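Visitor: Here is a sequence with its predicted model. Questions after.
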Amino acid sequence: MTYPNQIEKLLRCALEKTSIAAELPADLEIQVGPSTDARFGDYQSNVAMVLAKRLKTNPRALATEIIEHFEPGDLCQPAEIAGPGFINLRITASSLEAGLIAQINDPERLGLATLPASESKNIVIDFSAPNIAKPMHVGHIRSTIIGDCLSRVSRELGHQVTTDNHIGDWGTQFGMIIYGWKNFLDQDALTADPIEALLEIYKKVNDACSDDAVREACRTELVKLQQGDAENLAIWQQCVDLSRSSLEKIYAQLDVKFDHWLGESFYNDRLAPLVQSLKDDGLAQESDGAQCIFFLDDPDLAERAPCMVQKRDGGFNYATTDIATIEYRVEEFSAEHIWYVVGAEQKLHFDQIFAVAKKRGLDTQLSFIPFGSIMGKDGKRFKTRSGDTVSLTDVLDEAVERAAKIISEKNPDFSAQEMAEISRIIGIGSVKYAELSQNRLTNYIFDWDNMLSFKGNTAPYLINAYVRTRAIFRKLGSEFEGIQSVQLTEDAEKTLALKLAQYAEAVPTVLTDFRPNLLANYLYELANTFHSFYEHCPVLRSEGQVRATRLALCDTTSKVLKKGLGLLGIQTTERM
Ligand code: ARG
């Protein structure tokens, strides 16, 4: 059990002995969080203030009464009151020692509890989902990195997770692509770089579309595809296969895996019956030849654009596919939760399909997890110099190149192979960490120098902290051997032990509001805490129990950093 959970229990016991015991609200939540100022304690609770407000009594007097009945046992020192009625608590050294030993004896989970079976859910996570034959641009990177982190964290906590890459492999763009394939295809370019070649085709057709005849020809190709024309289907299939293999390379570089790739086309057969059933239920209505849902009983949605599920020409919409997808996920994966990691600009779409799912009585909890845009250093949307969207492959390649340059300056002795491996880890890790350390809703500035810096809240800084912990054991000439008991005397040791224990508090917070940055911040604080410990407390130059304890702290820091970064999808290296 985490320290806040234990403190909460003790506070509840104390409250039950106070004069207001009979008046305690049944739904009372006792909040215990880290102290804002470490001089006053490790943790803090505002329960006296919250309760005093509800019961209209004096908060400080209530706090005094609570701490009189508070029996800290070995857990913490006697509670203290601060300000208008905060209760401050400091964990005892013996409790921190026991905590550190427990963490050492749990090298896999490092103290992180697994959810009880009743709280473990079937969760489908829908992320990345680029569109075929359009470039996977740097915006998709946010979805990919955040979604991957959420799936790692949920799995670690004990949820049953299914990841699904709902690629855009069907839709109007294929009319243009097929027309372009038939008229502008450059076979050599296609072999060299399929995504780039398809993109070129797309651009050429887009330009040619100023001609009405070309636009009409594209439409004809699309209709033929939708009607199952063999030649067009074969071209489409080839485009999908080529794009998929290019995408797989990018995901391999990013170390991201999916359980499924059920793209939009997978749902084709389900769309006509779905629209029929929406009509039968009176949900969809004809409007100007199209089928739309108007949400007349929902004032908020009613005043926005209707949700179209079938176009006038009989074609189906993005929303139709997504409704079919929810039904499939509930049936096939018994999804109790479905999470969508998609850009904020698609909010209306998700509000609409979630409302439809509810009306259809689908028993699953749907969450839209939006994120902001990536901006260039000039504060505008991130673009190449020529104004194109920045391709993800280019970004990743550049990240690795830049990392290689920095590392070879710092340490020219690595072999070519080591160099390649380390710069991949640092380069990709930097791009990921720059994303994950931000509040996902803010627009963040893509700045190479910042993300690759060895100072500050960056991947190189964190990976370097890990490397420093490993260097200690290399110098020692052996791995950490385990330990029966530790003795924490210096403040820097206690602070580090407490930070290490807080790993178990930090990981679950990621899922409260889908915020990987809370884990990133925790790891950053841990690295800082480790560095100040390492400055104040010599490790290899100390002796006996002191040395053994310090080695234990170093080894646990090493493990927590590696595990924590791993949950962010970031790898570590032994040297850099
Ligand atoms: N392909 C879409 C895009 O790039 C994202 C799909 C998100 N997932 C979904 N189920 N709609 O904008």
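Guide: That came through, no problem.
Visitor: was I right about Ile425 contacting Gly569?
Guide: No: using CB atoms under 8 Å, Ile425 is not in contact with Gly569, being 11.6 Å away. No exception for glycine: its C-beta is placed from N, CA and C like everyone else's.
Visitor: of those two, who's got more company?
Guide: Neighbours per residue (other CB atoms under 10 Å) separate Ile425 from Gly569, with Gly569 holding more: 25 against 21.
Visitor: Could I get the contacting residues of Thr495?
Guide: Contacts for Thr495 (CB atoms under 8 Å, 6 or more residues apart in numbering) come out as 38, 529, 532-533.
Visitor: interface residues of this structure facing the ligand?
Guide: The chain has residues 126, 129-131, 166, 168, 322, 325, 340, 342 near the ligand, with proximity defined as CB under 6 Å from any ligand atom.
Visitor: a markdown table for the residues you listed, including neighbour count and pLDDT?
Guide: Output for the residues of the chain next to the ligand, formatted as a markdown table (neighbours: other CB atoms under 10 Å; pLDDT from 0 to 100):
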| residue | neighbour count | pLDDT |
| --- | --- | --- |
| Asp126 | 23 | 98 |
| Ala129 | 23 | 95 |
| Pro130 | 25 | 92 |
| Asn131 | 18 | 89 |
| His166 | 25 | 97 |
| Gly168 | 17 | 93 |
| Asp322 | 24 | 98 |
| Thr325 | 22 | 98 |
| Tyr340 | 23 | 98 |
| Val342 | 23 | 95 |
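Visitor: got TSV for those residues, with secondary structure too?
Guide: Formatted as TSV, the residues of the chain next to the ligand follow (DSSP: H, G, I helix; E, B strand; the rest coil):
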residue	secondary structure
Asp126	strand
Ala129	coil
Pro130	coil
Asn131	strand
His166	coil
Gly168	strand
Asp322	helix
Thr325	helix
Tyr340	strand
Val342	coil
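Visitor: Relative to Leu551, which of those is nearest.
Guide: The closest of the residues of the chain next to the ligand to Leu551 turns out to be Asp126 (CB to CB; 44.5 Å).
Visitor: pretty sure the closest one contacts His166?
Guide: Yes: contact criterion CB under 8 Å: Asp126 and His166 qualify, at 5.2 Å.
Visitor: Now the common contact residues for these two.
Guide: Common contacts of Asp126 and His166 (CB under 8 Å, 6+ apart): Thr325.
Visitor: which residues sit in contact with the residue of the stretch 1-150 of the chain found nearest the ligand?
Guide: Nearest to the ligand, among the residues of the stretch 1-150 of the chain, is Ala129, at 3.6 Å (CB to the nearest ligand atom). Each residue near Ala129 by CB under 8 Å, 6+ apart is listed here: 140, 143, 165-168, 342.
Visitor: State the distance from it to His140.
Guide: 8 Å (CB to CB, to the nearest Å).
Visitor: and if you look at Phe368?
Guide: Note on Phe368: its distance to His140, by CB to CB, is 17 Å.
Visitor: and if you look at Val240?
Guide: Going from Val240 to His140 by CB to CB gives 17 Å.
Visitor: More neighbours: which of these two?
Guide: His140 (22 against 19).
Visitor: Just give the closest residue to that one, not the sequence neighbours.
Guide: Distance criterion CB to CB, 6 or more residues apart in numbering; nearest residue to His140, sequence neighbours excluded, is Pro130 at 4.9 Å.
Visitor: That neighbour: what's it in contact with?
Guide: Pro130 is in contact with 136, 140, 167-168, 247, counting by CB under 8 Å, 6+ apart.
Visitor: now do Gln103
Guide: Residues counted as contacts of Gln103 (CB under 8 Å, 6+ apart) are 110-111, 500-501, 503, 556.
Visitor: 7 Å instead?
Guide: 110-111, 500-501, 556 (CB atoms under 7 Å, 6 or more residues apart in numbering).
Visitor: Any chance of those in TSV with pLDDT, neighbour count and secondary structure as columns?
Guide: Listed next are these as TSV, based on pLDDT from 0 to 100; neighbours: other CB atoms under 10 Å; DSSP: H, G, I helix; E, B strand; the rest coil:
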residue	pLDDT	neighbour count	secondary structure
Leu110	98	20	coil
Gly111	97	22	coil
Leu500	98	25	helix
Ala501	98	24	helix
Thr556	98	25	helix
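Visitor: of all these, which comes closest to Leu62?
Guide: Nearest to Leu62 among these, counting by CB to CB, is Ala501 at 29.1 Å.
Visitor: List the contacts of the closest one.
Guide: Counting by CB under 7 Å, 6+ apart, Ala501 touches 3, 99, 103, 111.
Visitor: And for Tyr433?
Guide: Tyr433 neighbours (CB under 7 Å, 6+ apart): 458-459, 520, 568, 570.
Visitor: any idea how far the nearest residue to Asp363 once chain neighbours are set aside is from the ligand?
Guide: Leaving aside its chain neighbours, Asp363 sits nearest to Val330 (7.0 Å; criterion: CB to CB, 6+ apart). For Val330, the distance to the ligand equals 14 Å [CB to the nearest ligand atom, to the nearest Å].
Visitor: Right, I'll call it a day here.
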